[in-house]
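**Student:** I'll drop the sequence and a predicted model, then ask my questions.
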Amino acid sequence: MTLPRLLRHSLYLLAIFLLCLSYWLHRSFGQPDLAQIAYHLDFGVELMDTADPVIVRRFLRWCVLAPLIFLALMYYAEQRWLCMIEKAPQRRRALLYHLHRWFPQLMVMGATIFWMSDVSAFKYVTADFGPDYFGANYVHPEAVKIAAQKPKNLVLIYVESLEQGYSDRAVFGRDLLAPLNDLPGTSFRSYEQVAGTGWTIAAMVATQCGVPLERVTIFDGNTQGQMMNSFLKNAVCLTDLLAARGYRNVFMGGAATAFAGKDKFLGQHHYHEVYGREEWLKSGVPGSDMNGWGLYDADLFARARTKLRELSASGEKFNLTLLTVDTHEPKGHLSSYCARRGFHGFDGVVSCTAQEVADFVRYAQDNGYLEDTNVVILGDHLSRKNPLTAKLSQLDERTIFNRFISKDAPRQNRTQMLHFDMLPTILEFTGYTVPEGRMALGYSGFNAHSAQPPAERMADMDQNLMNRSAQYMALWSDPDDH
């Protein structure tokens, strides 16, 4: 193959790949932006090794095999096109040859513009030049002198992609979250999502540290490994504050903790015990008893019951953090346990997960653990592409599920919450006083505080939250590292 022809086919392949990549992203994740894509690319092959094999197979099918097939079809179509040009009238032949010559470049240009628009690339690039929202609004937790009132133990449950909208009977025909909504407790009506919080590790960072998860490796001269290994090492997060006050922090999730740097985050921020797919396999759980991500939710909660008993018996203050996986896109994972209970389809996965979370809370309640332990249940983020997306899109407002369960919960001071607000909110719910209710980018949703979120906060965040910030970068590394 001559060099010009090789270049021509390479341009075709690039254009086709970009279009296929967009299709794969939409089919697997809905509408991720470039910031989210760039973050996950930092983990390279490690990401493919720890992701659900269904998503990996789809990538190989649509981003490797499909472009090659379409390239072969393009080659065939081009040969037919050249034959048509030869048969065209002389006066039109020159124009058609020019079109043929420049068609690969035009195709790449069109595919690139489409892809950049599809993933909000313009906003990603211009973020280097906007005002520093983070620096202007961040209150370092170390500067806030929190005080203990009646501190409780904490059980923090993240439920994968759980939206409040699943409770809408008009849309779904029934309340898919009825077991959770029947639990005693309080919920914030509008728990909303902003940039830098829309995937699991980002949601964990935002709720525990009060900051978004932004791109970092493009901003500095270090390698991505150095940055990720020191995952927000200078941020002070919920578990750092609890550990300093004598709490034992335990994390239990179904999926691999290495996925998207979750293990690095947990390791940097005082989780004393961490359990994920790797640990479950080592403990003897057969891989055949797991789903594509890892441990089914029913098995996770069975082990969480055991850990709750151990922690309660120790007499030590504790925070038990759980993370489910069954409701993960694109199709969810229906366990044999849920199937035996009569659940089916993706709505059955949602309902069964809701029942499993509620059963765990009821277990804690029936065994007296909630006398000195408070429970927080949070959807980690809005759901992405799944079989119920079309129905969710009918809702006037899409908000994230949340439930705060305590014998003596403090009073809410508003109805709207963001991920960042959870850091001071959970602290006050656990029995601490946060002066002014301000910490990191968050405002406590409990108790009376003079400081309240400004009316324009959502609009301001939409425009400027992800802009470059030296203060944000300082949370990842020391100035001397740059």
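**Tutor:** Sure, I can see it. Numbering: from 1, shown residues only.

**Student:** C-alpha from now on. contacts and neighbour counts both.
**Tutor:** Will do.

**Student:** can I see the domain layout of this protein?
**Tutor:** 3-126, 139-481 (automatic domain parsing).

**Student:** out of these, deepest packed?
**Tutor:** Sort these by mean neighbour count, taking mean count of other C-alpha atoms under 10 Å, and domain 139-481 sits at the top with a mean of 19.

**Student:** can you tell me which helix in this structure is longest?
**Tutor:** helix 90-118 (DSSP state H).

**Student:** Residue 325 touches residue 157, doesn't it?
**Tutor:** No. The criterion here is C-alpha atoms under 8 Å, and residue 325 misses it with residue 157 at 11.6 Å.

**Student:** Would you mind naming the helix or strand containing residue 360?
**Tutor:** Element membership for residue 360 (DSSP states H and E) is helix 345-366.

**Student:** and what of residue 375?
**Tutor:** According to DSSP H and E, residue 375 maps onto strand 373-379.

**Student:** in terms of contact count, name the helices or strands touching that strand.
**Tutor:** Counting by 3 or more C-alpha pairs under 8 Å, 6 or more residues apart in numbering; DSSP states H and E, the packing neighbours recorded for strand 373-379 are strand 153-159, strand 402-405, helix 422-430.

**Student:** Tell me which of those approaches residue 292 most closely.
**Tutor:** Within the helices and strands packed on strand 373-379, the stretch nearest residue 292 is strand 153-159; the backing value is 16.9 Å (C-alpha to C-alpha).

**Student:** Compute the inter-axis angle for the helix holding residue 360 and strand 373-379.
**Tutor:** Counting by axes from the mean of the first three to the mean of the last three C-alpha atoms, to 10 degrees, helix 345-366 lies at 170 degrees to strand 373-379.

**Student:** And the contacts of helix 345-366?
**Tutor:** Contacting residues not belonging to helix 345-366 are listed as 162, 176-180, 183, 297-298, 301, 305, 326-327, 331-334, 338, 343, 370-371, 375, 387-388 [C-alpha atoms under 8 Å, 6 or more residues apart in numbering].

**Student:** cool, and stretch 261-279?
**Tutor:** Counting by C-alpha under 8 Å, 6+ apart, 43, 201, 228-233, 236-237, 239-240, 243, 248-258, 293-295 sit against stretch 261-279.

**Student:** what separates that stretch from the chain centre, distance-wise?
**Tutor:** For stretch 261-279, the distance from its own C-alpha centre to the chain's C-alpha centre is 16 Å (C-alpha atoms, centre = their mean, to the nearest Å).

**Student:** looking at it, residue 333 is touching residue 343, isn't it?
**Tutor:** No. Counting by C-alpha under 8 Å, residue 333 sits too far from residue 343 to count as a contact (11.4 Å).

**Student:** Give the next helix or strand downstream of the strand holding residue 375.
**Tutor:** Counting by DSSP H and E, what follows strand 373-379 is helix 389-392.

**Student:** In PDB, list the C-alpha atoms belonging to that following helix.
**Tutor:** What follows is helix 389-392 as a C-alpha-only set of coordinates in PDB (Å, rounded to 0.1, in the frame of the first residue of the first chain):
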ATOM      1  CA  THR A 389     -33.800   5.800  31.100                       C
ATOM      2  CA  ALA A 390     -36.700   6.700  28.800                       C
ATOM      3  CA  LYS A 391     -39.100   6.600  31.800                       C
ATOM      4  CA  LEU A 392     -36.800   8.600  34.000                       C
END
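
**Student:** Please name every helix or strand in contact with that helix.
**Tutor:** Using 3+ C-alpha pairs under 8 Å, 6+ apart, helix 389-392 sits against helix 169-172.

**Student:** Over the helix it packs on, what's the mean pLDDT, rounded is fine.
**Tutor:** Per-residue pLDDT over helix 169-172 has a mean of 97.

**Student:** Could you look up the next helix or strand downstream of that helix?
**Tutor:** helix 178-181.

**Student:** Now do the same contact list for the nearest residue to residue 469 once chain neighbours are set aside.
**Tutor:** Of all residues not flanking residue 469 in the chain, residue 132 sits nearest, at 5.5 Å (C-alpha to C-alpha, 6 or more residues apart in numbering). Residues near residue 132 by C-alpha under 8 Å, 6+ apart: 464, 465, 467, 468, 469.

**Student:** would CSV of the residues you listed with pLDDT, secondary structure and distance to residue 147 be doable?
**Tutor:** What follows is those, written out as CSV (pLDDT from 0 to 100; DSSP: H, G, I helix; E, B strand; the rest coil; distance: C-alpha to C-alpha, whole Å):
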residue, pLDDT, secondary structure, distance to residue 147
464, 93, helix, 33
465, 94, coil, 30
467, 91, coil, 33
468, 90, coil, 33
469, 92, coil, 30
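
**Student:** What is the nearest of these to residue 283?
**Tutor:** Distance to residue 283, by C-alpha to C-alpha, is smallest for residue 465 among these, at 42.2 Å.

**Student:** Quick one: neighbours of the closest residue to that closest one other than its chain neighbours, just the number.
**Tutor:** Excluding its sequence neighbours, the residue lying closest to residue 465 (C-alpha to C-alpha, 6+ apart) is residue 133, at 5.5 Å. For residue 133, the neighbour count with other C-alpha atoms under 10 Å is 19.

**Student:** just use 571 as the starting number from now, easier for me
**Tutor:** Renumbered: residue one is now 571, and that last one reads residue 703.

**Student:** Make JSON lines out of the helices and strands packed on strand 943-949 and add distance to residue 1013 and mean pLDDT.
**Tutor:** Listed next are the helices and strands packed on strand 943-949 as JSON lines, based on distance: least, C-alpha to C-alpha, whole Å; pLDDT from 0 to 100:
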{"stretch": "strand 723-729", "distance to residue 1013": "19", "mean pLDDT": "98"}
{"stretch": "strand 972-975", "distance to residue 1013": "16", "mean pLDDT": "98"}
{"stretch": "helix 992-1000", "distance to residue 1013": "6", "mean pLDDT": "98"}
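
**Student:** Please render these as a markdown table that adds distance to residue 965 to the earlier fields.
**Tutor:** Formatted as a markdown table, these follow (distance: least, C-alpha to C-alpha, whole Å):
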| stretch | distance to residue 965 |
| --- | --- |
| strand 723-729 | 20 |
| strand 972-975 | 18 |
| helix 992-1000 | 24 |
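
**Student:** List just the nearest of the contacts of residue 702 to residue 979.
**Tutor:** residue 1035 (31.2 Å).

**Student:** Now do the same contact list for the closest one.
**Tutor:** Going by C-alpha under 8 Å, 6+ apart, residue 1035 touches 702, 703, 704, 765.

**Student:** Narrow the residues you listed to those in helices?
**Tutor:** Judged by DSSP H, the subset of those located in helices is 703, 704.

**Student:** Which single one of the contacts of residue 1035 is nearest to residue 646?
**Tutor:** Residue 646 has its nearest neighbour among the contacts of residue 1035 in residue 765, at 43.7 Å by C-alpha to C-alpha.

**Student:** pretty sure that closest one is touching residue 782, no?
**Tutor:** Yes. Between residue 765 and residue 782 a contact is recorded at 7.2 Å, counting by C-alpha under 8 Å.

**Student:** and for the two, which residues touch both?
**Tutor:** Common contact partners of residue 765 and residue 782 (C-alpha under 8 Å, 6+ apart): residue 1036.

**Student:** how much space between the residue nearest the centre of the chain and residue 607?
**Tutor:** Geometric centre of the chain, nearest residue: residue 769, 1.2 Å, by C-alpha atoms, centre = their mean. To residue 607, residue 769 is 11 Å away according to C-alpha to C-alpha, to the nearest Å.
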